[in-house]
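*Asks:* Show me the folded form of this:
(chains A and B)
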Amino acid sequence: MFALVAAGLLIWSVVRDVPHSWSLMRREHDDYANYTSLERAQSYGAALPLPMNLFDFYREYLRSGDRYFIQIQNGAFGHFIDKETAVRSVARLYLLPAIEAPDLAHANVVLSWDMDPGSLHLKYSQQERLGLQLIFVSRIDRGG
Amino acid sequence: MAVELAGLAVANVAYFVVGVAAFVAGGWVSPARSVTWRRVGAAYMFGIVVVVVPASYLALFGVPVGVGAAVAGLATIALAARRVGLPRQLARARLPRPSAEQLAALAVTGVALVVLGYAFRAFVVRPLVDFDAWAIWAPKARLVYQDPGAAPAAIRSGLYGQSPYPLALPTLQALGFGSMGRFDGALIGAQFAALAFGFVAALWALLERRARPLAISLCAAAIVVAPQFLFQLLTHYADVPLGLFIGLGVAAAAAWTVSPDDGWLLACAVAFIGMGALTKSEGTLFAVAAAIALLATQVGPAWRTRLRPALVAVGAIALILLPWQIYCAAYHLKTSDYNLSDAVSLGYLREHSDRLGPVLRELGKQLTVTHQWGYLVFAVAAGVFTGALARRWRATAFAVVWLALAFAGLVLIYWISTLPTSSNLTNSSFRTIVSLLVGGTALLPLLIAPTDPKDRTR
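*Replies:* Numbers count the residues shown, from 1 in each chain, chains lettered A, B, ... in the order given. The predicted model follows:
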């Protein structure tokens, strides 16, 4: 008796779930099928939303093996995440294989987000700026 | 896209080949005995375990996952070749005329595969948009793939996802990136979809001679067509992969408990439960629950001869987990979400007893959301009653002990959590119950429609 109940529940689950899952998968496909590969690669950051062109700028001047430090002033951002966490989290995935250093002392590159890298009082061997914004990639010169 | 998917397909065929080789090396599949060939249904998922577990451990020492996987895979194939040599003649397989029930079971499985096939389109285009996927799992996987030398220290730093989370899933993803030739957070969804196909095939292979085919097909289909199953798999979170491996592991362990003469089942139980425990931290909880259930259900007549292989299996699961536990202890990697010692502190539990009600209500709610999971939890309950009434003692006892311990363990973890119930519980409860539902449903065929009458008399 209970075996029939269990089998009936399984059959009913399959019968009810197939159309539901079918339309769910169709929606998920249709939502993203027309994304370009760039949109797909940037989707998680763009959805937050963060301006992903800034990360592209950082990425342009980072090399594999770099250890970067993000210079950023924290602030409100969203209801579940603050600005610093959002920027650092997106950077960790997007900027690989460059790796976030645990602190400034272990970094060889400073990525400035609306901040002046000069305020860190470090010597830089190379520095790139995005237009007139306070967005910098500064390679630290540690003197050898 | 086609080139990348072809590369990923090659890797997945390799997992299958390695799984078959492992079965041959273990003496569980023989080219000369066609009756053993049906076991190859579980070879794909088994091959993943054989390749990913050692590769994930070697990755902790900076060894590229491709190297670790290749060594493990080739060693397994060499062992198989040594055992059987080059088979000159394959046994002739005879396909019996299928019964009406078998045809119905094939039709149900066909429906499930069609849904998975349709879902595959979404799996290869949906990008990383869910937080844990892009903030925890994908960075680890990309790190392990792109800079294996730097990965161990970066992961231990805690910046790249939760450091106490084991590396099995990132390793599987990293192997996928390697086979595709590049990191692609959307296309790797094909690997997640492949796990669902592999689960269906493996559940069939594990239970095919131990339960009625229609019951197996209904259970497999009810799991993989559930909207929440597909959606969570689509997000690239670890919870569904965890549930798939744990589900196969408990199904294999319960099947062995019913028919302890088949060592292959026990080997599958060890591999899948071990893999589950290395997929996510909660996996250890489900693995411990399964180990206790396996040992507890060997009581009764002939317990001495039953207990020895069960103890060996539990020891083997512990061996799979131990290196990770030692690694975490050596580097002081532990979650800040809870302190495990609080679980045995009556004072702490009493002080935080106000969490118990919300935890039970929320987990109960998530288990019974019928528009997300169908009626799986009710079917499992009916299955347990069926097993008890039909005196299928061992299978029923296994299901009851595993489900009770796994559920109680989840409740306890939420109880001792330092995170507020409001966010912690609602953000995760819909995911942590996946293994309970998949595992419980995977056990159902042995409860409602077993073909082995021995469970009643032993």
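*Asks:* pLDDT below threshold where in the stretch 151-300 of chain B?
*Replies:* Judged against pLDDT under 70, the stretch 151-300 of chain B has no low-scoring part.
*Asks:* what packs against the helix or strand where B:Phe286 lies?
*Replies:* If you go by DSSP states H and E, B:Phe286 is part of helix B:281-296. Applying 3 or more CB pairs under 8 Å, 6 or more residues apart in numbering or on different chains; DSSP states H and E, one finds that helix B:281-296 contacts helix B:239-258, helix B:263-277, helix B:303-330, helix B:393-416, helix B:434-448. In short, each C-beta sits where N, CA and C put it, glycine included.
*Asks:* Restricting to C-alpha, output that helix in CSV.
*Replies:* In CSV, the C-alpha atoms belonging to helix B:281-296 read as follows (Å, rounded to 0.1, in the frame of the first residue of the first chain):
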residue,chain,number,x,y,z
SER,B,281,32.3,20.7,4.1
GLU,B,282,28.8,19.3,4.9
GLY,B,283,29.9,16.3,2.9
THR,B,284,31.8,15.1,5.9
LEU,B,285,28.7,15.2,8.0
PHE,B,286,26.8,13.1,5.4
ALA,B,287,29.7,10.7,5.1
VAL,B,288,30.0,10.2,8.8
ALA,B,289,26.2,9.5,8.9
ALA,B,290,26.6,7.0,6.1
ALA,B,291,29.5,5.3,7.9
ILE,B,292,27.5,5.0,11.1
ALA,B,293,24.5,3.7,9.2
LEU,B,294,26.7,1.1,7.4
LEU,B,295,28.1,-0.2,10.6
ALA,B,296,24.9,-0.1,12.6
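*Asks:* so that helix versus helix B:434-448, what angle?
*Replies:* Interaxial angle, helix B:281-296 versus helix B:434-448 (axes from the mean of the first three to the mean of the last three CA atoms, to 10 degrees): 30 degrees.
*Asks:* now helix B:281-296: how far from the chain's centre is it?
*Replies:* Remark: helix B:281-296 is offset 12 Å from the chain centroid, using CA atoms, centre = their mean, to the nearest Å.
*Asks:* same question, stretch B:3-12
*Replies:* Per CA atoms, centre = their mean, the centroid offset for stretch B:3-12 relative to its chain is 22 Å.
*Asks:* mind listing the helices for chain A?
*Replies:* Assigned by DSSP state H, the helices in chain A fall at A:2-32, A:37-46, A:52-61, A:83-94.
*Asks:* And those: which comes nearest B:Arg212?
*Replies:* With CB to CB as the criterion, B:Arg212 lies closest to helix A:2-32 of these, at 9.6 Å.
*Asks:* Out of the helices and strands packed on helix B:281-296, which is closest to chain A?
*Replies:* For the helices and strands packed on helix B:281-296, the distance to chain A is smallest for helix B:434-448, at 4.1 Å, taking CB to the nearest CB.
*Asks:* one step back: so which bits of the helix holding B:Phe286 are buried?
*Replies:* For helix B:281-296, the neighbour count (16 or more other CB atoms under 10 Å in any protein chain shown) marks B:281-291, B:293-296 as buried.
*Asks:* next one: stretch B:255-270
*Replies:* B:255-260, B:262, B:264-270.
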